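Trainee: could you look at this predicted model? Sequence included:
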Amino acid sequence: TIKAIWFFVLLVSSLHSATRAMDVETMLATMAVEDGPHQKYIKMKDDGTVCDTSSNLCVSKEKAERIRSSQNRLALPRTTEIVNGTYFSAVFTDNMVLQKAPEKSFVYGMVQGGSSATKVIVTVNDTRNSPPSYTIQASLMRGTMANYTWKAMLQSHMMGGSVNISVYCTGCLNSSISTLTNVAFGDVWICSGQSNMWLPVDITFTRNRTYNLLDMPNNRYSNIRTFKHLTTAASDGEEPYVIPPTPEEDWQEIWLQPNSTQAATVSAACWYWAQEITDVYHAENKTPPVLGLVETAWGGTVIEKWLPNNTITNCREASGKPSGQSEWSGRVYNGMICPFLNMTITGAWWYQGENNVGACNSSLFPAGCGAVENNTGYACQMHTLITEWTTRWNKATLGNTPNPMPFGLVTLASGTSEGHQLYMGPFRFAQMMGRLFHPDPTFMPKTMVALGHDIGDPWSGGSGITHVDQPFQNSYDHRFIYRGSGVQYFTQQFMGGVHPRAKQTLARRMALATLPVAYPDATNQPVQAMGPVFVGCNISVPPERHPMLELTVFFDRTKLTYDAVAVSSPSNAILHSWPFDAAITCINGTSMKPRTDIPWCAEALPDINEGVNHRHAIPPISPFEIELNHSLWLHVNVAAGTGPPYIFPNGSMKVGYDQVKITLPLEFTSLEGTPIKYEITAIRYSWAWFNSCDGDDPSVVPCPLGTPLIFGSNSTLPAVPFWANVTNGKCTYP
């Protein structure tokens, strides 16, 4: 009965099966044996030391081998045995955050040296309450021999505090007390995924601004506390729901109220998200919530490893073939998620997918990376992960973790596909589970999305160019090894452009997506959580434009709220206008295929059907593409439906504020003088892999951050990528 109520499948063997490793060195040692383009940045020295040439970070051969070995075996030999006594699970330490009222939170742990007469008593001392303390007898579950696990549900506690929580046992071999001090109550958030969720603050452009704010006398971010879970894997039946005290000093995990030095190692996406949420409250002169950030990320992992093993076969491959289980199926979920399932949380953010892009089936249609509706590919896996995590957290915490719970997704940035850039459009669509917007009240009402497609690393080529980090270099950068030559300090890349350094730009979008779902009281101002969302199109031949054709693309007015659709101005109008004109003259008017007898046409035309000019000297200029006669994708220029000011004094919006327009000739002439008639059969936007870079090579000239072609005029948020078929002059959403 206790097992059913508490959702504890706790075996003593699970207490000894944690596989642990360190942070930056762990990432380097792990990714050194993972396939992908990042391998070109990995260098093995003569002594076996493994180095990342883009950041000059290294790990010794011996340590790299030990890290990889510990991650792949079930048991880590311990130098000392656990002393008899009562312990909190290792995810509970001083300075931690537990979920605030109205929800109730839980504490749990283990007893070493128990008996059939053992009882576990938890005492909570919160001086804000009257009376200030209370005691609870924990539920107890026996393992093997004299080992037990325990769990206690606390009363509801209002936000804040400096609470002490103690535990001891009676009827056991050692009744000494274990105590947690300075515990605060707030909102607990999980930050999970692979290396872009792991990437620490110290490898980001705006790190020094944050360090300076953390070191000011009145710490602006004292409400944020962090916990970094080290890489841990476990097989089914050995899930470490309770992690025992770890005698190895190097592997201890603790909760922090970070200062500038400690914040350097925290997940950048997670930290900056909390920082942005906090800034919104400060801007409104409101008290920000206490935020407890649990970072549980593992570089190079695929989503299958983060799913419970018994759900792996729920989704077929993107091609429709049955999914197979591997040695690692479910092991990362067991080691990285199970230790926190009994902890009440507010929600989670998920940043993962780089190592799954290559599993897509096709880039020639929107569902090339799977669909929820037919249980295929990443779309199905993403849906399964959210559903399973939410259901299991809700059950383990007796409904105190909400179902559905706020769950955020980050779509992949340009340059992070691990060598599979042709699949980036359909993969991002799969990340969003085949939807153009979240939250969708009819599908997953608390799912949030932060679009990252336009904020890849500015120097995505990984050429060794680094970005000067302003300001405060002299105050902080001397403490770390990330620096360029001479006296000027820099933010180095880590393994090239696969880890974009503009994490605060991304985190701002994460925060905007979070506010309406989890913190609607943060601001009295309307919050624009997403950029323009496509709803349809129309093709017409206006009399005043004859002989020109006009393609009008419409965006959802209800989701624009006080925003309007804007188009970024090209930096070079000639450069932006010639690709379509040149391409159209390189088409055979009969077959609608590219001509192969004219050398310069190879530079003008994208790859057939893919709409991606990645192998030619001239990259595609516009991320907006049209398909001609079901045959060829071409890039075209876009104009806004109207210009500022978008709102009239009476509050009404100017006609065209929800549109963009593309104007094209009704027919073209081939090089031979033959008229080329065509039909637009589909359109798509931001479906390819490239940044919005005005045609410049991002390995030489930095790509401007957050500069999408189509965006919200007030929010500056990018339009959501889309693909739509065109029938009888109207768009039909696939």
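Mentor: Now that the structure is in, tell me what you want to look at.

Trainee: all helices of the stretch 151-300 of the chain, in order?
Mentor: Using DSSP state H, counting those that start in this stretch, the helices found in the stretch 151-300 of the chain span residues 195-198, 207-214, 260-263, 268-283.

Trainee: could you dump those helices into a markdown table and include mean neighbour count, distance to Gly358 and mean pLDDT?
Mentor: C-betas here are computed from N, CA, C, even on glycine. Shown next, in a markdown table, are those (neighbours: other Cβ atoms under 10 Å; distance: least, Cβ to Cβ, whole Å; pLDDT from 0 to 100):
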| stretch | mean neighbour count | distance to Gly358 | mean pLDDT |
| --- | --- | --- | --- |
| helix 195-198 | 26 | 16 | 96 |
| helix 207-214 | 21 | 31 | 89 |
| helix 260-263 | 19 | 34 | 89 |
| helix 268-283 | 23 | 23 | 97 |
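
Trainee: closest to Gly171 out of those?
Mentor: helix 260-263 (40.3 Å; Cβ to Cβ).

Trainee: who touches the closest one?
Mentor: 201, 210-212, 214-215, 226, 256, 271, 476, 479 (Cβ atoms under 8 Å, 6 or more residues apart in numbering).

Trainee: so which bits of stretch 51-64 are buried?
Mentor: Of all the residues in stretch 51-64, those buried under the rule 16 or more other Cβ atoms under 10 Å are 51-55, 57-59, 63-64.

Trainee: ok, now stretch 217-227?
Mentor: Buried residues in stretch 217-227, counted by 16+ other Cβ under 10 Å: 221, 223-227.

Trainee: for Leu341, which non-adjacent residue is closest in space?
Mentor: Using Cβ to Cβ, 6 or more residues apart in numbering and skipping the chain neighbours, the partner closest in space to Leu341 is Ala396 (4.5 Å).

Trainee: that neighbour and Gln155: what is the separation?
Mentor: 19 Å (Cβ to Cβ, to the nearest Å).

Trainee: which one of those two has more residues nearby?
Mentor: With neighbours defined as other Cβ atoms under 10 Å, Ala396 and Gln155 compare such that Ala396 has more, 23 against 12.

Trainee: so the more buried one sits against Asn342, correct?
Mentor: Yes: at 4.9 Å, Ala396 and Asn342 qualify as touching, with contact defined as Cβ atoms under 8 Å.

Trainee: Asn403: neighbouring residues, count only.
Mentor: Neighbour count of Asn403, defined by other Cβ under 10 Å: 14.

Trainee: that one against Glu388, yeah?
Mentor: No: using Cβ under 8 Å, Asn403 is not in contact with Glu388, being 11.2 Å away.

Trainee: and the strands in the stretch 251-400 of the chain?
Mentor: Ranges of strands within the stretch 251-400 of the chain are 255-256, 291-297, 347-351, 370-371, 376, based on DSSP state E, counting those that start in this stretch.

Trainee: show me which helix runs longest in the chain.
Mentor: The longest helix of the chain (DSSP state H) is helix 377-396.

Trainee: quick check: angle from that helix to strand 347-351?
Mentor: 160 degrees (axes from the mean of the first three to the mean of the last three Cα atoms, to 10 degrees).

Trainee: next, the buried residues of helix 377-396.
Mentor: The neighbour-count check on helix 377-396 (16+ other Cβ under 10 Å) flags 377-390, 392-396 as buried.

Trainee: which helices and strands does it pack with?
Mentor: strand 370-371, strand 407-410, helix 424-431 (3 or more Cβ pairs under 8 Å, 6 or more residues apart in numbering; DSSP states H and E).

Trainee: contacts only, for Pro289.
Mentor: Applying Cβ under 8 Å, 6+ apart, we find Pro289 in contact with 100, 159, 186-187, 223, 277, 281, 519.

Trainee: ok, back up a step: distance from the chain centre to the longest helix of the chain, please.
Mentor: 16 Å (Cα atoms, centre = their mean, to the nearest Å).

Trainee: stretch 201-210 too?
Mentor: Taking Cα atoms, centre = their mean, the mean C-alpha location of stretch 201-210 is offset from the chain mean by 18 Å.

Trainee: same question for stretch 386-404.
Mentor: 20 Å.

Trainee: ok, and what's touching that stretch?
Mentor: Counting by Cβ under 8 Å, 6+ apart, 5-7, 99, 103-106, 153, 307-308, 311, 337, 341-345, 348, 405, 407, 444-447 sit against stretch 386-404.

Trainee: now a ChimeraX select for only the buried ones of those residues.
Mentor: Here is the ChimeraX command that picks out the buried ones among the contacts of stretch 386-404, judged by 16+ other Cβ under 10 Å:
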select :6,7,99,103,104,105,106,153,307,308,311,337,341,342,343,344,345,348,405,407,444,446,447
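
Trainee: contacting residues for the closest residue to Thr287 other than its chain neighbours?
Mentor: In this structure, Thr287 finds its nearest non-sequential neighbour in Tyr281, 6.6 Å apart by Cβ to Cβ, 6+ apart. Applying Cβ under 8 Å, 6+ apart, we find Tyr281 in contact with 287-289, 522.

Trainee: kindly recompute the last result at 10 Å.
Mentor: 223, 287-289, 519, 521-523 (Cβ atoms under 10 Å, 6 or more residues apart in numbering).

Trainee: low-confidence regions, the stretch 201-350 of the chain specifically.
Mentor: 246-252 (pLDDT under 70).

Trainee: repeat that for 50
Mentor: Low-confidence segments of the stretch 201-350 of the chain (pLDDT under 50): 250.

Trainee: make JSON lines from the helices of the stretch 151-300 of the chain and add distance to Val535 to it.
Mentor: Below are the helices of the stretch 151-300 of the chain laid out as JSON lines (distance: least, Cβ to Cβ, whole Å):
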{"stretch": "helix 195-198", "distance to Val535": "31"}
{"stretch": "helix 207-214", "distance to Val535": "38"}
{"stretch": "helix 260-263", "distance to Val535": "42"}
{"stretch": "helix 268-283", "distance to Val535": "29"}
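
Trainee: wait, which of these is closest to Gly729?
Mentor: helix 195-198 (41.1 Å).

Trainee: which neighbouring elements make contact with that closest one?
Mentor: Where contact means 3 or more Cβ pairs under 10 Å, 6 or more residues apart in numbering; DSSP states H and E, helix 195-198 is packed against helix 24-31, strand 178-193, helix 268-283, strand 291-297, strand 347-351, helix 503-518.

Trainee: distance to Ile303 for those - can I get that in CSV?
Mentor: Formatted as CSV, the helices and strands packed on helix 195-198 follow (distance: least, Cβ to Cβ, whole Å):
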stretch, distance to Ile303
helix 24-31, 16
strand 178-193, 9
helix 268-283, 17
strand 291-297, 13
strand 347-351, 9
helix 503-518, 19
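
Trainee: which one, of these, ends up nearest to Ile626?
Mentor: Nearest to Ile626, of all those, is helix 503-518, at 28.0 Å by Cβ to Cβ.

Trainee: the closest one - what's its average pLDDT?
Mentor: For helix 503-518, mean pLDDT is 96.

Trainee: what's that helix packed up against?
Mentor: Contacts defined by 3+ Cβ pairs under 10 Å, 6+ apart place helix 503-518 against strand 178-193, helix 195-198, helix 207-214, helix 268-283, strand 347-351, strand 407-410, strand 447-450.

Trainee: mind putting these into TSV with distance to Pro547?
Mentor: Listed next are the helices and strands packed on helix 503-518 as TSV, based on distance: least, Cβ to Cβ, whole Å:
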stretch	distance to Pro547
strand 178-193	51
helix 195-198	49
helix 207-214	54
helix 268-283	50
strand 347-351	49
strand 407-410	45
strand 447-450	41
